[in-house]
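[1] Structure for this input, please:
(4 chains)
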Number of protein chains: 2
Amino acid sequence: MANDTNVLTQIQAALPGLSKSDTKIAHVVLADPEAATHASIALLAQQANVSEPSVNRFCKRLGATGYPDFKIWLARSLVAGVRYISQVVDPEDTVTTYPGKLVDNTVNALLLAREQLPLKTLEVAVEHLDAAGRIYFFGMGTSAAVAQDAEHKFFRFQTPVTTHTDPLMLRMLAAGGSQGDVFVFISHTGRTEAIVDAAALASASGATVISLTAQDSPLAQVSHCVIGLEAPENTEDYLPMTSRIVHLVIIDILVTGVTLKRGEPCIEHLARIKESLLPTRLPLNRKRTKT
Amino acid sequence: MANDTNVLTQIQAALPGLSKSDTKIAHVVLADPEAATHASIALLAQQANVSEPSVNRFCKRLGATGYPDFKIWLARSLVAGVRYISQVVDPEDTVTTYPGKLVDNTVNALLLAREQLPLKTLEVAVEHLDAAGRIYFFGMGTSAAVAQDAEHKFFRFQTPVTTHTDPLMLRMLAAGGSQGDVFVFISHTGRTEAIVDAAALASASGATVISLTAQDSPLAQVSHCVIGLEAPENTEDYLPMTSRIVHLVIIDILVTGVTLKRGEPCIEHLARIKESLLPTRLPLNRKRTKT
DNA sequence: CTAAATATGTAATAAAGCTTCATATTGAAC
DNA sequence: GTTCAATATGAAGCTTTATTACATATTTAG
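    Now for the predicted structure:
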């Protein structure tokens, strides 16, 4: 079976074009995938009111070599209790249910992102960042925190780096960009006007423009290097976004990429920085005296 | 089989006390768990140079009902190619390997956190935050970005909320705290002196102190409500931390908790806020004219 | 309405996994 | 060291499970 796609998603996608028996089987599996992984072919056939060979054929049609193989793939779609299909938090949820759902959704977003990591683009971005004389991060709203995190990480390299959220500051800096400057714009939608305007300005100024945003968005169109991920949109208004988590991991990837590129000296430098923080720390479990 | 623990971890933990045959089987499974999920009991027995019943007994000893059941549990430990065991990025890694590793590690951290979510504590924290007259978030270094994210999310409620990183500001605000104030301290280690001092001050002032930090850390000891998660430490200096991601998801949980608690009017309020952002957005795929 | 194609079920076959029992190995007491 | 008990391992037969081959039913196109 193709190992790049999730079985549950695959079944759901195939559902419309399925035959009568296959539809019945699909429904039983989707209704309780967990149970299906433990059922024998006979039991599943019975639950779906079809014959055993029908179940077998169903599995093969999905790309598995047979029923046991299908069960293995199915099991892999159920991560330690995590449903691979996005779960919506609703008003009926209690403290025992919604925290798990939120974690699940985040994990799902990451797994989805993992499958479509634009490695080539990441490599190019790392090259630009490594060669940069100066790095600017921009993000507004939720992405402001991501930009701040990025600054905090890149600050550890010797390259000057700053973060901004003020649109005017942003325009001025972008307009004054020059070769060797790298502007990184972070925007989930890629449609925040101030960000898109600034990116266009920066691009025109001769600087390199990297963006973490939605593929084919207006921001993507004015960027030299687009790290575009199709994060599942959260339709519910009151559901926090998972995309910023994905963006943060992308930042991790970029930081790691630059670190690996620079090699040993860079790692030593990072170790020194880490050491510099030690005096700000209390020993573990020390009882405090002063208040 | 106990569904709360990962099979690979479980095998690794049991390894020392295993018999000769069981050790051989364990090694074969750990060497390539992926392959093991597809192997028949006969093949696995052959690869480990043991008999088939030995494999069967091995599975049962681990809590499975038999070999097929074991394979299912094993498959669930391998999330869409993600190894459930933390992977260290090393200098030999290339762009084709390290991004996946970083995502995997993040996913693993989240799955680990999911298993040990302190639901009761989260519920209490949500109650405090819901009832708060004023909310303060504090975080330094990497946690500053988490605090900022938290502010951005909680800002959407009607409760006044601020974030600070300045230690002096922090002390002053903490000392001046009063009943109804909720201070949320975010610190991976729980040993940043400035944060611990401030938390102690805030606690003494009559305010409620919630902390997102390591269990049993100095910070935890001076907090009323400790959301403590044992995030796997990243030993490598140049590896970005996964704990901040877990903290962000905890923030999501708290935000969602408060939202659910407040019910319909709150959701309406959030929808209004979301609407207010629309004019800042460009339509999708619009070609830009001005630069 | 008929014929080909497709889908489904029945029954036989093959494969995989499990149990029982015999043998070997280990460990503790003497 | 030797003996005995406890535990571990393997061989063979047995049971369960899955697959294949074939027959029957259903659909679809002409």
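
[2] show me where chain A has strands.
    A:78-79, A:82-83, A:134-139, A:161-164, A:181-187, A:208-213, A:225-228 (DSSP state E).

[3] what sits against the residue in the stretch 51-200 of chain A positioned nearest to DNA strand D?
    Of all residues in the stretch 51-200 of chain A, the one sitting closest to DNA strand D is residue A:66 (1.8 Å; Cβ to the nearest atom of the strand). (Glycine included, C-beta is placed from N, CA and C.) Contact partners of residue A:66, counting by Cβ atoms under 8 Å, 6 or more residues apart in numbering or on different chains, are A:56, A:59-60.

[4] Then residue A:132?
    By Cβ under 8 Å, 6+ apart, residue A:132 lies in contact with A:159, A:180-182, A:208.

[5] Tell me the most packed of these, by neighbour count.
    Compared across those, residue A:182 has the highest neighbour count, 26 neighbours, by other Cβ atoms under 10 Å in any protein chain shown.

[6] Distance check, the nearest residue to it once chain neighbours are set aside against residue A:209.
    Of all residues not flanking residue A:182 in the chain, residue A:132 sits nearest, at 4.0 Å (Cβ to Cβ, 6 or more residues apart in numbering or on different chains). Here residue A:132 is placed at a distance of 12 Å from residue A:209 (Cβ to Cβ, to the nearest Å).

[7] which residues do the two both contact?
    The contact lists of residue A:132 and residue A:209 share residue A:182, where a contact means Cβ under 8 Å, 6+ apart.

[8] circling back to that earlier point, between the contacts of residue A:132, which is nearest residue A:19?
    Of all the contacts of residue A:132, residue A:19 sits closest to residue A:208, with 53.3 Å by Cβ to Cβ.

[9] what is the closest one paired to in the beta sheet?
    Beta-bridge partners recorded for residue A:208 (DSSP bridges): residue A:182.

[10] between the contacts of residue A:66, which is closest to chain B?
    Taking Cβ to the nearest Cβ as the measure, chain B lies nearest residue A:59 of these, at 14.2 Å.

[11] what sits against the closest one?
    Contacts for residue A:59 (Cβ under 8 Å, 6+ apart) come out as A:66-67, A:69-70.

[12] excluding its backbone neighbours, what's nearest the residue nearest in space to the middle of chain A?
    Closest to where the C-alpha atoms of chain A average out (Cα atoms, centre = their mean) is residue A:246, at 2.9 Å. Nearest non-adjacent residue to residue A:246, counting by Cβ to Cβ, 6+ apart: residue A:113, 4.7 Å away.

[13] neighbours of the one you found, just the number please.
    Residue A:113: 24 neighbours (other Cβ under 10 Å).

[14] how much space is there between it and DNA strand C?
    Separation of residue A:113 from DNA strand C (Cβ to the nearest atom of the strand, to the nearest Å): 34 Å.

[15] Isn't that residue up against residue B:103?
    Yes. Look at residue A:113 against residue B:103 with Cβ atoms under 8 Å: they come within range, at 6.8 Å.

[16] what's the overlap in contacts for those two?
    Between them, residue A:113 and residue B:103 share these contacting residues under Cβ under 8 Å, 6+ apart: residue A:249.

[17] what about residue A:17, neighbour count?
    Residue A:17 is flanked by 8 other residues according to other Cβ under 10 Å.

[18] and if you look at residue A:12?
    Close neighbours of residue A:12, defined as other Cβ under 10 Å, add up to 13.

[19] Could I get the phi/psi values of residue A:50?
    Residue A:50 adopts backbone torsions of phi -130, psi 170, taken as degrees, to the nearest 10.

[20] err, residue A:205, not the other one
    Torsion angles at residue A:205 (phi, psi; degrees, to the nearest 10) stand at phi -80, psi -10.

[21] how much space is there between it and chain B?
    Distance from residue A:205 to chain B, counting by Cβ to the nearest Cβ, to the nearest Å: 10 Å.

[22] swap in residue A:207?
    Look at residue A:207 and chain B: by Cβ to the nearest Cβ, they are 14 Å apart.

[23] cool, and residue A:248?
    Taking Cβ to the nearest Cβ, one finds residue A:248 at 6 Å from chain B.

[24] what's the answer for residue A:250, then?
    Distance from residue A:250 to chain B, counting by Cβ to the nearest Cβ: 9 Å.

[25] Count the neighbours of that residue for me.
    Residue A:250, neighbours per other Cβ under 10 Å, totals 24.

[26] I figured it was touching residue A:212, is that so?
    Yes. Taking contacts as Cβ under 8 Å, residue A:250 lies within contact range of residue A:212: 5.8 Å.

[27] Residues that sit against both of the two, list them.
    Contacts common to residue A:250 and residue A:212, judged by Cβ under 8 Å, 6+ apart, are A:227, A:229.

[28] worst-scoring helix or strand of chain A, pLDDT-wise?
    Between all helices and strands in chain A, the lowest mean by mean pLDDT, DSSP states H and E belongs to strand A:82-83, at a mean of 54.

[29] ok, residue A:10 - contacts?
    Applying Cβ under 8 Å, 6+ apart to residue A:10 gives the contacts residue A:62.

[30] Next: residue A:195.
    A:138-140, A:170, A:185, A:187, A:219.

[31] what do you get for residue A:190?
    Under the criterion of Cβ under 8 Å, 6+ apart, the contact list for residue A:190 reads A:196, A:211, A:213-214, A:217-220.

[32] Could you single out the nearest of the residues you listed to DNA strand C?
    Using Cβ to the nearest atom of the strand, those come closest to DNA strand C at residue A:214, 37.6 Å.

[33] Could you double-check that the closest one sits in contact with residue A:220?
    Yes. Under the contact definition of Cβ under 8 Å, residue A:214 touches residue A:220, with a separation of 6.9 Å.

[34] Quickly list what's touching both of the two.
    Here residue A:214 and residue A:220 have A:190, A:228 as joint contacts, going by Cβ under 8 Å, 6+ apart.

[35] how about low-confidence regions in chain A?
    Low-confidence segments of chain A (pLDDT under 70): A:1-5, A:79-89, A:230-240, A:264-291.

[36] which residue ranges form the helices in it?
    Secondary structure of chain A (DSSP state H): helices located at A:7-14, A:20-31, A:33-38, A:41-48, A:52-61, A:67-76, A:98-115, A:119-131, A:142-154, A:167-175, A:193-204, A:218-221, A:243-262, A:264-276.

[37] mind putting the ones you listed in CSV, distance to residue B:163 included?
    Shown next, in CSV, are the helices of chain A (distance: least, Cβ to Cβ, whole Å):
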stretch, distance to residue B:163
helix A:7-14, 38
helix A:20-31, 43
helix A:33-38, 41
helix A:41-48, 53
helix A:52-61, 53
helix A:67-76, 40
helix A:98-115, 22
helix A:119-131, 27
helix A:142-154, 10
helix A:167-175, 20
helix A:193-204, 22
helix A:218-221, 26
helix A:243-262, 16
helix A:264-276, 24
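
[38] Nearest to residue B:191, out of those helices?
    Comparison of the helices of chain A against residue B:191 by Cβ to Cβ identifies helix A:264-276 as nearest, at 13.7 Å.
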